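In: When you get a sec, could you give me coordinates for this:
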Amino acid sequence: MGAEEKKGPLAVVAEQLAKPVYKDVGQGAAREVGKSLAVVGSFVRLAVRPMQSFALAGHLAFDWLDDALRKKFEGVPEEKIIEPRANVAGPLMLAAGFTSEDQPELRELYAQLLATAMHADTRDAAHPAFVETVRQLSPDEALLLEHLRLESKNFAIQETWENDHCIDGDSIPVQFQALCERAGVSNTSLSYVYLENLMRLGILREALYTEGRYLPAGHNRHGTYEASIANGGTRIVEIGEFGERFMAACVCTVTRKPTC
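Out: You can find the predicted model right below:
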């Protein structure tokens with residue numbers, strides 16, 4: 001069997017990435033990259049090469065990412081596996097290098113985003129902002145997003161309030177904490193922090209509908225009361241457009257195609 005026949009899909013991607021390396025770092029460095037291709041045949045190892053001028057880059061291990069990509073691209077036609085855009089792949093690998101073995105939830109988000117960026121049918125869905133979004137998530141929040149994608153495509157929690165008091169069911173923080181418990185997060189006491197962070201990042205969004213209700217004067221067992229206005233409304237927390245696109249690109253489920 002010839003060398004061409006032994007090449008896996010990731011080796012093909014690596015060769016695609018090698019082309020700009022030849023132009024940018026000169027013939028000598030390019031020869032070294034070629035050696036890496038022959039020995040390793042790995043997209044991830046090749047992509048790290050241009051970053052080795054950073055002292056830290058030499059200490060980053062990406063075997064886990066390489067393994068994850070191989071699994072995600074198993075059975076995918078070779079022509080569908082393409083070079084990811086540098087403004088996604090470069091920052092992603094630098095950020096992914098700061099994850100550890102006890103953070104598989106975050107590693108899965110990075111791996112899925114890179115797989116999305118490397119598939120011809122989904123590359124445009126891998127927005128550069130998604131890398132920074134993953135970087136600002138905790139493992140619990142990553143687990144929660146996976147649960148949300150599995151639980152419902154139309155996730156929303158709401159509360160109805162009047163004069164600063166919830167008058168219909170549990171408040172949103174209480175409902176969100178229950179959601180965290182169902183998702184199996186490790187620290188439910190931080191559920192409100194997770195809620196605020198997911199809204200800050202734009203994954204979740206808040207909609208507020210207010211109204212004033214006229215209350216006429218009257219009398220009850222406590223005495224007579226004057227006419228007044230009761231201020232109230234409904235607050236809804238749901239997955240926003242940014243969040244939908246982020247989860248489609250980064251959160252893998254058993255039904256995701258073609259890279260899951």
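In: Buried ones in stretch 114-123, by neighbour count?
Out: Neighbour-count burial for stretch 114-123, counted by 16 or more other C-beta atoms under 10 Å, picks out 114-119, 122-123. (Each C-beta comes from the backbone N, C-alpha and C, glycine too.)
In: can you pull the pLDDT of residue 19?
Out: Reading off the confidence values, residue 19 has pLDDT 51.
In: any idea where the strands of the stretch 1-150 of the chain begin and end?
Out: Using DSSP state E, counting those that start in this stretch, the stretch 1-150 of the chain contains no strands.
In: which stretches of it have low pLDDT?
Out: Residue ranges of the stretch 1-150 of the chain with pLDDT under 70: 1-61.
In: Please, where are all the helices along it?
Out: 3-6, 9-40, 43-48, 63-72, 86-96, 104-117, 129-135, 139-151 (DSSP state H, counting those that start in this stretch).
In: Can you tell me which helices and strands the last one packs against?
Out: For helix 139-151, the contact count by 3 or more C-beta pairs under 8 Å, 6 or more residues apart in numbering; DSSP states H and E identifies helix 104-117, helix 172-183, helix 191-200, helix 241-250 as packing neighbours.
In: Mind doing that once more with 10 Å?
Out: helix 104-117, helix 129-135, helix 172-183, helix 191-200, strand 228-239, helix 241-250 (3 or more C-beta pairs under 10 Å, 6 or more residues apart in numbering; DSSP states H and E).
In: what's around the residue nearest to residue 111 when sequence neighbours are not counted, how many residues?
Out: Using C-beta to C-beta, 6 or more residues apart in numbering and skipping residues adjacent in sequence, the residue nearest residue 111 is residue 68, 3.7 Å away. Residue 68 sits with 21 neighbouring residues when counted by other C-beta atoms under 10 Å.
In: For residue 68, give me its contacts.
Out: When contacts are counted by C-beta atoms under 10 Å, 6 or more residues apart in numbering, residue 68 touches 44, 62, 104, 107-108, 110-112, 114-115, 252.
In: 8 Å - rerun?
Out: 107-108, 111, 115 (C-beta atoms under 8 Å, 6 or more residues apart in numbering).
In: would TSV of those residues with distance to residue 197 be doable?
Out: Conversion of the contacts of residue 68 to TSV gives the following (distance: C-beta to C-beta, whole Å):
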residue	distance to residue 197
107	19
108	19
111	22
115	25
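In: Most neighbours among these, please name it.
Out: Among the contacts of residue 68, residue 115 has the most neighbours (other C-beta under 10 Å), with 27 neighbours.
In: Tell me which two in the contacts of residue 68 are the farthest apart.
Out: Maximum pairwise distance in the contacts of residue 68, criterion C-beta to C-beta, is 12.3 Å, between 107 and 115.
In: burial of residue 219, as a residue count?
Out: 8.
In: Who does it form a beta bridge with?
Out: For residue 219, the beta-bridge partners under DSSP bridges are residue 224.
In: Hmm, residue 108 and residue 252 touching each other?
Out: Yes. Using C-beta atoms under 8 Å, residue 252 is in contact with residue 108, at 6.5 Å.
In: which neighbours do these two share?
Out: Counting by C-beta under 8 Å, 6+ apart, the residues touching both residue 252 and residue 108 are residue 146.
In: burial measure for residue 243, as a count.
Out: For residue 243, using other C-beta under 10 Å, the count is 22.
In: per-residue confidence for it?
Out: 93.
In: residue contacts, it?
Out: 198, 202-205.
In: Excluding chain neighbours, what is closest to residue 87?
Out: Distances taken as C-beta to C-beta, 6+ apart place residue 128 nearest to residue 87, at 4.8 Å, with adjacent residues excluded.
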